[in-house]
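Novice: Mind folding the following:
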Amino acid sequence: MAGQATCALEFLEEVPDLDCMLTPCSGGGLFAGVSTAAKSIKPSIRCYAVEPDTANDTQQSIIKGERVAIPPPPTIADGLRVQTPGALTFPITQANADDVLTVTDEEIIDTMRFMLLRMKLLIEPSGVAAAAAVFFKKLPDGMKRVGVVLSGGNIDSDVLARLLTEEGNT
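Specialist: Below is the predicted model:
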């Protein structure tokens, strides 16, 4: 968590007046680190964890107030396929998450395609989830300066080729 917190430090060093930060959320280590660092530097910042709608163990856990286990989730975002939030990270996520946002696989794919074709960035499905939440207007009103954590570029070349040749909304 501490190592992953450096992401927020770099963001806020470059853009100190961010309204919020969005982070892909799996077991919760990246979100816990980023949100802890961000809120310690700027207590007013809003922090959002983002996960696929079919793999929303963190969202369900936050709502219930305790760690929830879900069946193996079907999602293209294989790095976000965890079945329950981490034991060490969940209390931090509970304390720091202003909300847990969800995105569909289609939104993830469209965002991934946009990032690759328009921005020339290859980002794996799990790592582009937070950007998908922004692109598909999942944030509450009033969030103008937004920091988005993009992470990872691991994707099977056959899967990537298939995603690029399918019709999308880029």
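
Novice: May I see the buried residues of the lowest-mean-pLDDT helix or strand in the chain?
Specialist: Counting by mean pLDDT, DSSP states H and E, the chain has its least confident helix or strand at helix 157-165, which shows a mean of 85. By 16 or more other CB atoms under 10 Å, the buried positions in helix 157-165 come out as 160, 163. C-betas here are computed from N, CA, C, even on glycine.

Novice: Which residue, other than its chain neighbours, is closest to residue 48?
Specialist: Nearest residue to residue 48 in three dimensions, chain neighbours excluded: residue 22, at 4.7 Å (CB to CB, 6 or more residues apart in numbering).

Novice: Could you do residue 97 as well?
Specialist: Counting by CB to CB, 6+ apart, the residue nearest residue 97 is residue 49, at 5.1 Å.

Novice: what lines up beside the helix or strand hosting the one you found in the sheet?
Specialist: Assigned by DSSP states H and E, residue 49 falls within strand 46-52. Sheet pairing of strand 46-52 (DSSP bridges) gives strand 20-24 (parallel), strand 99-103 (parallel).

Novice: would you list those strands in TSV and tack on mean neighbour count?
Specialist: Output for the strands paired with strand 46-52, formatted as TSV (neighbours: other CB atoms under 10 Å):
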stretch	mean neighbour count
strand 20-24	27
strand 99-103	21
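
Novice: Now distance to residue 151 too, for those strands, in TSV please.
Specialist: Formatted as TSV, the strands paired with strand 46-52 follow (distance: least, CB to CB, whole Å):
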stretch	distance to residue 151
strand 20-24	6
strand 99-103	15
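
Novice: quick one: low-confidence parts of the protein?
Specialist: 167-170 (pLDDT under 70).

Novice: tally of neighbours for residue 64?
Specialist: 9 (other CB atoms under 10 Å).

Novice: how about it, phi and psi?
Specialist: phi -80, psi -20 (degrees, to the nearest 10).
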